[in-house]
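**Student:** Sharing a model that was predicted from the sequence below.
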Amino acid sequence: MFKTFAKAIQSLSVALLMGLPMASSAQQLSENASIVVERPWARASLGMSRPGGAYLTVRNEGSDQISLIGLRAEISGMASIHETRTNSDGVSSMAPADDIVIPPGGMFALEPGGYHAMLMQLQSPLVEGETFPLTLLFSDGTELEITVPVLGIGARGPEG
């Protein structure tokens, strides 16, 4: 029984230590530090024939409202922000989103089933374990390039 307990503690320790580098890079700041991006991630793609999606949280720590107005990604021929909508019959569809206004002290999440970064016309597949740069474009002219890790094809988020 002691061996089983010791092995469990060892496995937990390794898992926690492996998670530390991810935690330290989870927050990415703009030059003026008023825009903070947390927990960026994307799912691996099935080749390049279907669009990919990326997800993250944006916090506005500034004193003025700011809008997320677009995206740019070399891995995608056409990157934009989309919203998944479900009608009263339970049928879901995606449509391009308008600019996303983030008030001072506010936050906005791009997440599965809601707003998300749509990566169309993939130039290469999104491969689990790799990363790619994604540039967020804001209404004040800020362009914030972040690094997006690619998780497994069935991932539900960076925490598993």
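**Tutor:** Structure received. Numbers count the residues shown, from 1 in each chain.

**Student:** C-alpha from now on. contacts and neighbour counts both.
**Tutor:** Noted.

**Student:** tell me the centre residue of this protein?
**Tutor:** For the chain, the residue sitting closest to the mean C-alpha position, by Cα atoms, centre = their mean, is Tyr55 at 2.6 Å.

**Student:** Can you give me the distance of it to His82?
**Tutor:** Remark: distance between Tyr55 and His82 (Cα to Cα, to the nearest Å) = 11 Å.

**Student:** quick one: the helices in this protein?
**Tutor:** With helices called from DSSP state H, the chain shows them at 2-24.

**Student:** about what we covered before: between Tyr55 and His82, what contacts are shared?
**Tutor:** Residues touching both Tyr55 and His82 (Cα atoms under 8 Å, 6 or more residues apart in numbering) are His116, Ala117.

**Student:** ok, now which ones touch the residue nearest to the centre of the chain?
**Tutor:** With contact set as Cα under 8 Å, 6+ apart, Tyr55 has these partners: Arg39, Pro40, Trp41, Ala42, Ala109, Leu110, Glu111, Pro112, His116, Ala117.

**Student:** how about the nearest residue to the second one, chain neighbours excluded?
**Tutor:** Right, the one you point to is Pro40. Counting by Cα to Cα, 6 or more residues apart in numbering, Pro40 lies nearest to Leu56, which is 4.2 Å off, once chain neighbours are set aside.

**Student:** ok, now the fourth one?
**Tutor:** Ranked by Cα to Cα, 6+ apart and with sequence neighbours excluded, the top spatial neighbour of Ala42 is Ala54, at 4.3 Å.

**Student:** Tell me if I'm right that that neighbour and Met118 touch.
**Tutor:** Yes: between Ala54 and Met118 there is a contact under Cα atoms under 8 Å: 6.8 Å.

**Student:** still on that earlier bit, which one of the contacts of Tyr55 has the most neighbours?
**Tutor:** Ala42 (30 neighbours; other Cα atoms under 10 Å).
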